[in-house]
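J.: show me the folded form of this:
(chains A and B)
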Amino acid sequence: MAAYMSAGRSENAFSTHDFVPEWAQEEVSTGTTIMAVEFDGGVVIGADSRTTTGAYIANRVTDKLTPIHDHIFCCRSGSAADTQAVADAVTYQLGFHSIELDEPPLVQTAANLFQQMCYRYREELMAGIIVAGWDKRRGGQVYTVPMGGMIVRQPVSVGGSGSSYIYGFMDSNYKPGMTKEECLHFCTQALALAMERDGSSGGVARLAAITEEGLERRVVLGHQLPKFSNT
Amino acid sequence: RFGQLSSGSDMAPDWTMKEVSTGTTIMAVEYDGGVVIGADSRTTTGAYIANRVTDKLTPIHDRIFCCRSGSAADTQAIADVVTYQLGFHSIELDEAPLVQTAANLFKASCYRYREELMAGIIVAGWDKRRGGQVYTVPVGGMLVRQPVSVGGSGSTYIYGYMDSNYKPNMTKDQCLRLVSGALSLAMERDGSSGGVVRLAAISETGVDRQVILGNQLPKWSTA
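T.: Below you'll find the model as predicted:
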């Protein structure tokens, strides 16, 4: 069920043009680790900050947590171009809908807009997205829209290439009924573990907590991340 | 990119055309005085589970075992060869063989025939010189000693769990709990792993084997 990042090109020992570096031929991708957790009163979302073009790190301080509306964010994984384009389109659609409605939009609405676009253009897109936010009707909600365009609501969701490494940690450490601070701690640890193992994830850990009151963003720098190594 | 909905020949089922593989989860942990090794019990041919009670923990010598992942045929063949080579060597030496020797024999075969083989093996055991040791020989044929090693298709899901839960100088019982916990998490997430959890603890006194059935596995509250 993981929204994987896979390389756009096959690995060759020698590229056809030796004078063009490998990263100039690769698509820009957010090979990544993203996650979102519901708690009573809101959601906590998190992501690493690495964008790669092949082996080159094009951006080491990327912000993959993208606002879609005042209380709704999305976490982006896969092709950087595809996810930016889809997020921009959904931001427009949701803003228009919200003005017509004269009400803040539902998280479920935002998620379904993502799903419709990701499913319709599933053959062309490489986008794994987690939509999370708070609304008055159902409180904190997390919806995952992996590659292929399905949608499902989950209390916790992880995505991106680094997510495979933390399924075990997530299954064993997540408990329903955690507080906002516990969720932030859980996300920080999970992201640190994934960034340690996945070459396509790294940099800093970006976190955000979304509640009725609004948005609270945090950055955990490399040297402040929890350390787990035994070697 | 997203896989085919139907296989090439609609008359023959998927599993008659796929190689038998131990798509699997295996692991081994060193502790002071020995090692704990563990594996799931699922062997698949495509989507069919050819054996749901497989024993992937294979004895190579009295106090040396290997955990097999990858092609079932390849790993059985290699293990048989190494068992012979190590037995012969041990008789010549008139001593119990070293775990490092067994590991190097695995490495020699896996590296020489790396293009033909698909075998990821963890060698673990106890010897008098260095106590409990774990050596991993992944696909490609490198060799490295590690205090903890995980392997197989299900291993990716438990790297985070292992990194956060393993501490040096754990007791045998702590290791058993860590291994059974990790295996049950991996079996829950990996479609190619499942069945029962097989464990073995190897020390100076001998080998102590256990099976944990599906309904007795640790349960985690999940989403």
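J.: tell me the contacts of the closest residue in space to residue B:26 that isn't next to it in sequence?
T.: Spatial nearest neighbour of residue B:26, chain neighbours left out: residue B:67 (3.7 Å); criterion: Cβ to Cβ, 6 or more residues apart in numbering or on different chains. Quick note: C-beta positions are derived from backbone N, CA and C, even for glycine. Residue B:67 is in contact with B:26-28, B:37-39, B:56-58, B:121-122, B:124, B:151, counting by Cβ atoms under 8 Å, 6 or more residues apart in numbering or on different chains.
J.: tell me the buried residues in stretch B:193-205?
T.: B:193, B:194, B:195, B:196, B:197, B:198, B:199, B:200, B:201, B:202, B:203 (16 or more other Cβ atoms under 10 Å in any protein chain shown).
J.: for stretch B:135-146, same thing?
T.: In terms of neighbour count (16+ other Cβ under 10 Å), stretch B:135-146 has its buried residues at B:135, B:136, B:137, B:138, B:141, B:143, B:146.
J.: immediately after the one helix or strand residue A:115 maps to, which helix or strand?
T.: Element membership for residue A:115, per DSSP states H and E: helix A:107-120. Using DSSP H and E, the helix or strand that follows helix A:107-120 in sequence is strand A:127-135.
J.: please compute how far that next one lies from its chain's middle.
T.: 8 Å (Cα atoms, centre = their mean, to the nearest Å).
J.: show me where pLDDT drops low in chain A?
T.: A:1-18, A:23-25, A:27, A:29-30, A:230-231 (pLDDT under 70).
J.: please give me every residue in contact with residue 102.
T.: I'll assume chain A. If you count contacts by Cβ under 8 Å, 6+ apart, residue A:102 has none.
J.: my bad, chain B
T.: By Cβ under 8 Å, 6+ apart, the contact set of residue B:102 is B:60, B:61, B:64, B:66, B:82, B:86, B:123, B:125.
J.: Throw the buried residues of stretch B:193-205 into TSV and include pLDDT, thanks.
T.: As requested, the buried residues of stretch B:193-205 are exported to TSV (pLDDT from 0 to 100):
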residue	pLDDT
B:193	94
B:194	94
B:195	95
B:196	97
B:197	98
B:198	98
B:199	98
B:200	98
B:201	98
B:202	98
B:203	98
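J.: just those residues now: which is nearest chain A?
T.: residue B:193 (11.7 Å; Cβ to the nearest Cβ).
J.: am I right that that closest one is in contact with residue B:151?
T.: No. Look at residue B:193 against residue B:151 with Cβ atoms under 8 Å: they stay out of range, at 11.2 Å.
J.: identify the contacts common to those two.
T.: In contact with both residue B:193 and residue B:151: B:24, B:25, using Cβ under 8 Å, 6+ apart.
J.: tell me the bridge partners for the residue nearest to residue B:26.
T.: Going by DSSP bridges, residue B:67 is paired in beta bridges with residue B:57, residue B:122.
J.: my read is residue A:218 is in a strand, agree?
T.: Yes. Counting by DSSP: H, G, I helix; E, B strand; the rest coil, residue A:218 falls inside a strand.
J.: count of residues packed around it?
T.: By other Cβ atoms under 10 Å in any protein chain shown, 14 other residues sit near residue A:218.
J.: now do the residue positioned nearest the centre of chain A against chain B, distance only.
T.: For chain A, the residue nearest the mean C-alpha position is residue A:75 (2.8 Å; Cα atoms, centre = their mean). Applying Cβ to the nearest Cβ, to the nearest Å, the value for residue A:75 to chain B is 16 Å.
J.: ok, what's across the strand from that residue?
T.: residue A:65, residue A:130.
J.: wait, it touches residue A:67, no?
T.: No. If you go by Cβ under 8 Å, residue A:75 and residue A:67 don't touch, sitting 11.4 Å apart.
J.: now for the two: what residues contact both?
T.: In contact with both residue A:75 and residue A:67: no residue, using Cβ under 8 Å, 6+ apart.
J.: can you count the residues close to residue B:113?
T.: 14.
J.: which residues touch it?
T.: So residue B:113 contacts nothing (Cβ under 8 Å, 6+ apart).
J.: 10 Å instead?
T.: B:74, B:77, B:78, B:119, B:141 (Cβ atoms under 10 Å, 6 or more residues apart in numbering or on different chains).
J.: filter those to the buried ones?
T.: In these, the ones that pass as buried (16+ other Cβ under 10 Å) are B:74, B:78, B:119, B:141.
J.: so which of those belong to helices?
T.: Members of the buried ones among the contacts of residue B:113 lying in helices (criterion: DSSP state H): B:74, B:78.
J.: of all the buried ones among the contacts of residue B:113, which comes closest to residue A:34?
T.: Distances from residue A:34 to those, taken as Cβ to Cβ, are shortest for residue B:119 (34.1 Å).
J.: how close does the one residue sitting closest to the centre of chain B get to residue A:68?
T.: Nearest to the mean C-alpha position of chain B, by Cα atoms, centre = their mean, lies residue B:67 at 2.7 Å. Taking Cβ to Cβ, to the nearest Å as the measure, residue B:67 falls 46 Å from residue A:68.
J.: which residues of chain B fall in helices?
T.: According to DSSP H, the helices that chain B contains are B:72-93, B:99-112, B:159-165, B:172-189.
J.: name the nearest residue to residue B:90, sequence neighbours excluded.
T.: In space, residue B:90 is closest to residue B:97, 4.5 Å off (Cβ to Cβ, 6+ apart).
J.: hang on, isn't the one you found packed against residue B:123?
T.: No. Using Cβ atoms under 10 Å, residue B:97 is not in contact with residue B:123, being 11.4 Å away.
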